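# Structural data only, the sequence is not supplied:
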């Protein structure tokens, strides 16, 4: 039993030592969108139902957590992110954020940008009825993250808006 | 590690030499340090470095996580429910007050020793006075948020708190002073059963519907900003702890830990920036709550809120390009017009003394100390009753400089609240303030000395120096009336309760039917209104939650109710005009209150803001608007086609059109009003 354990450990050692290094710049950075609190990151699956979240003092948005691999994630550095919203192929808003904390969660998990909210066209979606019309609608979220060194990662996620009872 | 040897290595060496572990024993750090070293000492030198269990509990003699930690209780998942975002096991840093109440206090203490539920075991062991008064303070109870709206809506007659977000365990016995209460009831949204009962009526009882809508609105919109519970902790600027650590454990905007504990994840909020308790509390920490309501946490820093529509935003405004306080950018602005070379809404001069845009001056905690923030043992109904600091406490009056009492200590005169940040040079009478953040000592200007030395502008002498009858404007006006030149306030607040939509209620942490959302009609930045402050002087006035309430029904609560506008009136364009509050004999009780905006500037308003610049009818109309006769600029549309001036609280004859929330407040006294209106400035002033 002990021998088998040691063999397993020996086999895993090179992997452990090498690490995944998802927190360092790589040639093919990736970006994922998801949700979660604390260190939990549930990546959105295609078509996953996502509720619209009321913002303090009014307004609505889709809360998102951004996960990255292959981007520079030093705490002292920051990243810029652009989130584009498409509904039925039509652009419904572009939201540019700069100076975001892109922090390494762990070498295996990569970096995270927490606490982002994707808005919707605030001149178009004004009343509850405007928003209720979105209930069940698929929304495509396109996200681009550029780290402090200019490395760029991008990802697309389709989610389904839930707004109603 | 200061000793040049880490605690685990040192302890391991001791253990090897002596043959026995020493964790948690007298003179040795807790076993927690075997993993968490070199975490910052949270409260050195008062709590010995490495004595984690003093505050957090747990078993200090163990080094295995599952033995040393207080583990999440078995009912954690049940308490968390499914309304909050997915989280790691045991995560409670977004729990609503009811959820925290339901948890094992030992676990609450383990996660957050500053929580109000466990203070007697933690902070209160060394700070018993604060532990006694803080849970009663308005920042803990949130009591000031509920009754004003209910009073203006006619749903309560007394100007005192009934509801709160948090009910202190030890209630005060003395509540004889006006505004003091001895008990509060935690506000929760009406239950599904109560909704069923209300909506099954035919016709639906109007008063019952009104109360249902208001209690729903207040409980679902106002419960994340008090020390009795965590905030949502899910967006930039909103990260903080609860209880004492709401303030004394500083979080940065992103809520990420940047200290030395190797076990704490760097990328996962909410964690304090460092594991250090401090009195150096930056304004941003206070702004995790005070970004809304009166928005003093924004305006003090020179930040203004944008709008829900593109048209609300000036075309050349400079936006903060980050998600902040739950809003996608652009929503907050630092400059209204980048094409000119001045800032229309600069930061308060206390925050930015030299006006260079760098906030290297004072923070909230440089003024608001002691009972202002910790409470004084009385459960007050509003912050106006709890907060005691006045400009004069530091700056003196136009006749006398500020000075310490016989014990050498300065006090906030209203409540004998010590102001230990102030000192003076007795020989010269110069007063100094030592700042929290950088420890710098700066001189506090004394208007009496400036006037006596014949310094300052001619306008300052004309307006502030006592005249031949020993009268000064400062006898009749609070300082901020002239020295807060920009005021940001909403006008018209459309609140809608939509029973077709569910919403998380942050008192219970559960999702319940009924979504409330508010949206303002418009806002103003430079519309001056004057009224009477509680101390009898004139002060700037804000519209106070000028709510028009509407309710939309759902078929879930009865046949024929789907999409029905049950309160308010559907308009031809599809919008809904909510009902004005009709109460206290007023048909549209829109509400106003004296308010200190915290946008103080050295340069005061010019005289023509409050007095006529010439004798024209137009100028008389304009200045009458300052005293509440209406401006005609901001008209609120009522459900039946009526229009109400959002800045009017007096009719043409000077009769009141609305009741005022706070005791001893109201329009400017008629005689003083007329005296001010009679002044026609000469062109040279």
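Nice, thanks for sending it over. It should be emphasised that the depicted structure is a prediction, and the values quoted were computed from it without experimental measurement.

# where do the strands sit along chain A?
Using DSSP state E, the strands of chain A run over A:30-35, A:42-43, A:48-51, A:53-54, A:60-69, A:78-87, A:90-101, A:103-106, A:110-118, A:138-146, A:152-162.

# Mind listing the strands the first one pairs with, and their directions?
It refers to strand A:30-35. strand A:42-43 (antiparallel), strand A:60-69 (antiparallel) (DSSP bridges).

# And the residue nearest in space to the middle of chain A, how far from chain B?
When chain A is reduced to its mean C-alpha position, the nearest residue by CA atoms, centre = their mean turns out to be residue A:66, at 2.1 Å. In this structure, residue A:66 and chain B are 11 Å apart, going by CB to the nearest CB, to the nearest Å. All C-beta spots, glycine's among them, are computed from the backbone N, C-alpha and C.

# Can you name the residues that contact the residue nearest to that residue when sequence neighbours are not counted?
For residue A:66, the nearest residue in space outside its immediate sequence neighbours is residue A:113; the separation is 4.0 Å by CB to CB, 6 or more residues apart in numbering or on different chains. Residue A:113 sits next to A:65-66, A:68, A:79, A:81, A:100-102, A:145 when contact means CB atoms under 8 Å, 6 or more residues apart in numbering or on different chains.

# what's the answer for residue B:71, then?
Neighbouring residues of residue B:71 by CB under 8 Å, 6+ apart: B:90, B:107.

# what does the one 10 residues further on give?
For residue B:81, the contacting residues are B:99, B:509-510, taking CB under 8 Å, 6+ apart as the criterion.

# For chain A, see how far away it is.
13 Å.

# for that residue, phi and psi?
phi 70, psi -160 (degrees, to the nearest 10).

# If I look at it, what pLDDT would I see?
Per-residue confidence at residue B:81 stands at 97 (pLDDT).

# Also residue A:8?
Residue A:8 is assigned a pLDDT of 55 by the prediction.

# Chain A contacts on the stretch 101-250 of chain B?
With the criterion set to CB under 8 Å from any CB of the partner chain, the stretch 101-250 of chain B comes near chain A through B:224, B:233-236, B:238-239.

# and of the residues you listed, the nearest to residue B:563?
Proximity of those to residue B:563 was ranked by CB to CB; the top entry is residue B:224 with 29.8 Å.

# Wait, that closest one touches residue B:234, no?
No: here residue B:224 does not reach residue B:234: they are 10.2 Å apart, not a contact under CB atoms under 8 Å.

# Residue B:519: which element?
Under the assignment given by DSSP states H and E, the secondary-structure element containing residue B:519 is strand B:510-524.

# Could you list the low-confidence segments of chain A?
Under the criterion of pLDDT under 70, the regions of chain A flagged as low confidence span A:1-20, A:165.

# who does residue A:156 bridge with?
Residue A:156 has the following beta-bridge partners by DSSP bridges: residue A:142.

# Setting aside sequence neighbours, what's the nearest residue to residue B:399?
Of all residues beyond its chain neighbours, the one nearest residue B:399 is residue B:448 (5.8 Å), with distances taken as CB to CB, 6+ apart.

# So for the one you found, what's the pLDDT?
What the model reports as pLDDT for residue B:448 is 97.

# Likewise for residue B:380?
Per-residue pLDDT puts residue B:380 at 97.

# hang on, the earlier thing: nearest to residue B:316 among the residues of the stretch 101-250 of chain B next to chain A?
Out of these, the member with the shortest distance to residue B:316 (by CB to CB) is residue B:236, at 24.5 Å.

# Which helix or strand contains the closest one?
Assignment of secondary structure by DSSP H and E places residue B:236 within no helix or strand.

# In contact with it, which residues?
Residues A:114-115, B:253-255, B:322-325 are the ones in contact with residue B:236 under the rule CB under 8 Å, 6+ apart.

# if we can go back for a sec, so between residue B:224 and residue B:234, which is more surrounded?
When neighbours are counted by other CB atoms under 10 Å in any protein chain shown, residue B:234 comes out ahead of the other of residue B:224 and residue B:234, with 25 against 22.

# which strands and helices sit next to the helix or strand where the residue nearest to residue B:399 lies?
Under the criterion of DSSP H and E, residue B:448 resides in helix B:447-452. Here helix B:447-452 touches helix B:458-464, going by 3 or more CB pairs under 8 Å, 6 or more residues apart in numbering or on different chains; DSSP states H and E.

# which parts of the helix it packs on are buried?
Residues of helix B:458-464 classed as buried: B:460, B:463-464 (neighbour count, 16 or more other CB atoms under 10 Å in any protein chain shown).

# Name the nearest residue to residue B:288, sequence neighbours excluded.
The shortest distance from residue B:288 to any residue other than its chain neighbours is 4.5 Å, reached at residue B:240 (CB to CB, 6+ apart).

# ditto for residue B:97
Of all residues apart from its sequence neighbours, residue B:229 sits closest to residue B:97 (CB to CB, 6+ apart), at 3.8 Å.

# quick one: pLDDT of the one you found?
Reading off the per-residue confidence, residue B:229 sits at a pLDDT of 92.

# Tell me which residues touch the closest residue to chain A within the stretch 351-500 of chain B, please.
When scored by CB to the nearest CB, the stretch 351-500 of chain B has residue B:498 as its residue closest to chain A, at 4.9 Å. By CB under 8 Å, 6+ apart, the contact set of residue B:498 is A:128, B:514-517, B:551-552, B:554.
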